[in-house]
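**Q** sequence and predicted structure are below.
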Amino acid sequence: MSTTIPTAESRLERRQLAQQALWKRVLKRPEAGALGGVILVFIFFFIMAPPFRSASAFTTVLYQSATLGIPAVAVALLMIGGEFDLSAGVAATTSSLAASMFATRVAGNMWAGVVFALLLSLSIGWLNGYLLVRTKLYSFLITLSTFLMLQGLNIAITKLVTGNVATEDISGMPGYDSAKAVFASGLNFGRGTFSIAILYWIIFAALGTWVLLRTKVGNWIFAAGGQGDSARAVGIPVNKVKIGVFMLVGFSVWFLGMHMLFQYNTVQSGAGVGNELLYIASAVVGGCLLTGGYGSAAGSALGAFMFGMTTEGVIYADWDPDWFMFFVGAMLLLGTIVNTWVRARATSG
Amino acid sequence: MSGHPEALRAENIVKRFGQVTALEGVSISMRQGEILGILGDNGAGKSTLMKIITGFQPPTSGRLIIGGQEVALRSVDHARELGIECVYQDLALVGGLSIYHNLFLNREITYKGPFRLLNNEAMRQAAIERLGEIGVNIPSVDLEVERLSGGQRQAIAVARAVGGASRILLLDEPLAAMGAREAGAIIDLILRLKQRGDLAIAMIMHNYAQTLDIADRIILMQRGRITYEKESAATSVQELMDIVRREYRAMRAA
């Protein structure tokens, strides 16, 4: 039997071990690859696109990143929990539409619409999760179904209610000003202003990271996604965890939906299609594995930042914006390959 | 051996899955400080029996008496509260989490407060101590489990199971897919745990010779029933082989 009293020698040994492994520990973090990617993309556009270097361009980039990054944090947690959500893109539009139409047609106050949309979005998330654990089908199939259904419902119900493909302007509604202040105000910082969405994005990414790494629930998300059966065998409520992370995605798209609604005042019912893939791409570039059990919330923020820089960088470089999707695809491929390579290098020996 | 206090008794356990009957009235007894070896073919009902004792599945009928009290296990958590721990064949560890996070999975040490924050430092220290106590040598408890060998993982899984207030330990094929040296280390570990005296251990096994070496008592399961039970000292590999051979020939003739 070995003793449990640490000797001075063994303590020294441990410290050496920790010091030696420092650079490896940094590289071993799931978001290491994304950090490298952010630096490379930044340098690339800094050189290629002179307007990219201004402070106002930087806030635009951050804003673009925030609109991807707010759902991407939740999507990262979902993917670590071992699941997908293809419905997240249109679900954000569903939330905006529901808030707008419920407020203008039923309740007469914007806040009632906001609360209604929250309940709706959480229910959609719950439904995705519930169907998953009941049918034991792949989340890819289930959320593909809800994605298509929501896409149809968005347009059909909007036409039914407003007779149009977009909702009417909400800026005259009671409660509009206070709700706009919460979800879509501009904050003054130095000489410039920036959208409050950026602040929320950073807060959510920090909160997500903290939950994952420092709380019991975070541990359970890793376990449920990594080895669901093992987690179940020690009594972790795997089904509840999965439904919970789907509802978290519901919350995040509600939040984004509210931001979009109060930013633009009207909602196009066809919007949002395709964004779900950008959320997933941000999470994957940020270090999440498709197989679950591994990834990072902070990494998803870096991934979103990379794609935000690309969206705006293509414009500032005065290239045809049609190239944006090509760059997204290329970066996703490159990012994933680099991540896999770094992970293999850092964990070997 | 019968002098040891009884830790668990299962009486007439029946388990049906639709048309299939996995267990047809199985009764076993586990005693403190004793190792019970469970042998049997694939599909004999060994794993089903274990899942019922760990609260993973309820029996169709039958009684479980734990520490003298009849209990209907509601869940794995409920069974763990009563001191029943299991090490599954697939090891039940999460590859992406560190050793110490695995040791405390669903038993996390947290700080007081509304958020129940993980006390990682306390878990690390406790993990080092616990592994030291049962004599498991691992370079660092910070390592992710996926980087360990099969034997090391098994040792971690056993260490998790015997931590805390466990009184009944179930091991599903603890030596499966293991080299001789690693298997030897796990056998040593199991025998050290037996020495504690307060732990009742049951192992599902395949290898007759190993089972006779380690176990105090042996039961043989065939097609959902216990067909043979004896003290290890009173039987031999030869005798066990003969029973199984007879069974196998009968099945072929039928």
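**A** Nice, I can see it. It should be emphasised that the depicted structure is a prediction, and the values quoted were computed from it without experimental measurement.

**Q** phi, psi of the closest residue to residue A:275 other than its chain neighbours?
**A** Once flanking residues are discounted, residue A:275 sits nearest to residue A:89: 3.5 Å by CB to CB, 6 or more residues apart in numbering or on different chains. Glycine gets a C-beta too; all of them are placed from N, C-alpha and C. Backbone torsions of residue A:89, given as degrees, to the nearest 10, read phi -60, psi -50.

**Q** residue A:89 against residue A:270, yeah?
**A** No - counting by CB atoms under 8 Å, residue A:89 sits too far from residue A:270 to count as a contact (11.3 Å).

**Q** in stretch A:180-195, what's buried?
**A** For stretch A:180-195, burial by neighbour count (16 or more other CB atoms under 10 Å in any protein chain shown) applies to A:180, A:183, A:184, A:194, A:195.

**Q** let me see the ranges of the helices in chain B.
**A** Using DSSP state H, the helices found in chain B span residues B:46-53, B:76-81, B:99-103, B:120-133, B:150-162, B:180-195, B:208-214, B:237-253.

**Q** up against chain B, what does the stretch 101-250 of chain A have?
**A** Contacts of the stretch 101-250 of chain A with chain B, taken as CB under 8 Å from any CB of the partner chain, map to A:213-216, A:218-220, A:222-223, A:226-227, A:229-236.

**Q** returning to that earlier point: from the buried residues of stretch A:180-195, which is closest to chain B?
**A** Of all these, chain B sits closest to residue A:183, with 25.8 Å by CB to the nearest CB.

**Q** Three-state assignment for the closest one, please.
**A** Recorded secondary structure, residue A:183: helix (DSSP: H, G, I helix; E, B strand; the rest coil).

**Q** can you pull the pLDDT of it?
**A** Looking at residue A:183, its pLDDT reads 96.

**Q** excluding its backbone neighbours, what's nearest residue B:223?
**A** Using CB to CB, 6+ apart and skipping the chain neighbours, the partner closest in space to residue B:223 is residue B:44 (6.4 Å).

**Q** the one you found: neighbour count?
**A** Residue B:44 is flanked by 22 other residues according to other CB atoms under 10 Å in any protein chain shown.

**Q** swap in residue A:123?
**A** 13.

**Q** and it, what helix or strand is that in?
**A** Residue A:123 belongs to helix A:110-135 when assigned by DSSP states H and E.

**Q** please identify the buried residues of that helix?
**A** So for helix A:110-135, counting by 16+ other CB under 10 Å, buried means A:110-114, A:116-118, A:120-122, A:124-125, A:127-132.

**Q** likewise for stretch B:190-198?
**A** For stretch B:190-198, burial by neighbour count (16+ other CB under 10 Å) applies to B:190, B:193, B:194.

**Q** repeat for stretch A:310-325
**A** Across stretch A:310-325, burial judged by 16+ other CB under 10 Å covers A:310, A:311, A:312, A:313, A:314, A:315, A:316, A:317, A:324.

**Q** so the fourth one makes contact with residue A:50?
**A** No - checked against CB under 8 Å, the pair residue A:313 and residue A:50 is beyond contact range at 11.4 Å.

**Q** sorry, back to before: same for the helix holding residue A:123, what does it pack against?
**A** Under the contact criterion of 3 or more CB pairs under 8 Å, 6 or more residues apart in numbering or on different chains; DSSP states H and E, helix A:110-135 touches helix A:88-101, helix A:139-162, helix A:176-184, helix A:238-264.

**Q** ok and the longest one relative to helix A:176-184, angle-wise?
**A** Going by axes from the mean of the first three to the mean of the last three CA atoms, to 10 degrees, helix A:238-264 is angled at 120 degrees with respect to helix A:176-184.

**Q** which ones are touching residue 142?
**A** No chain was given, so I picked chain A. Contacts for residue A:142 (CB atoms under 8 Å, 6 or more residues apart in numbering or on different chains) come out as A:128, A:131, A:132, A:135.

**Q** looking at chain B here, not the other one
**A** Going by CB under 8 Å, 6+ apart, residue B:142 touches B:98, B:99, B:100, B:124.

**Q** check what pLDDT it gets.
**A** Reported pLDDT for residue B:142: 89.

**Q** check residue A:4 too.
**A** Among the per-residue scores, residue A:4 shows a pLDDT of 36.

**Q** and if you look at residue A:104?
**A** 94.

**Q** the one 3 residues further on too?
**A** Per-residue confidence at residue A:107 stands at 92 (pLDDT).

**Q** much appreciated, bye for now.
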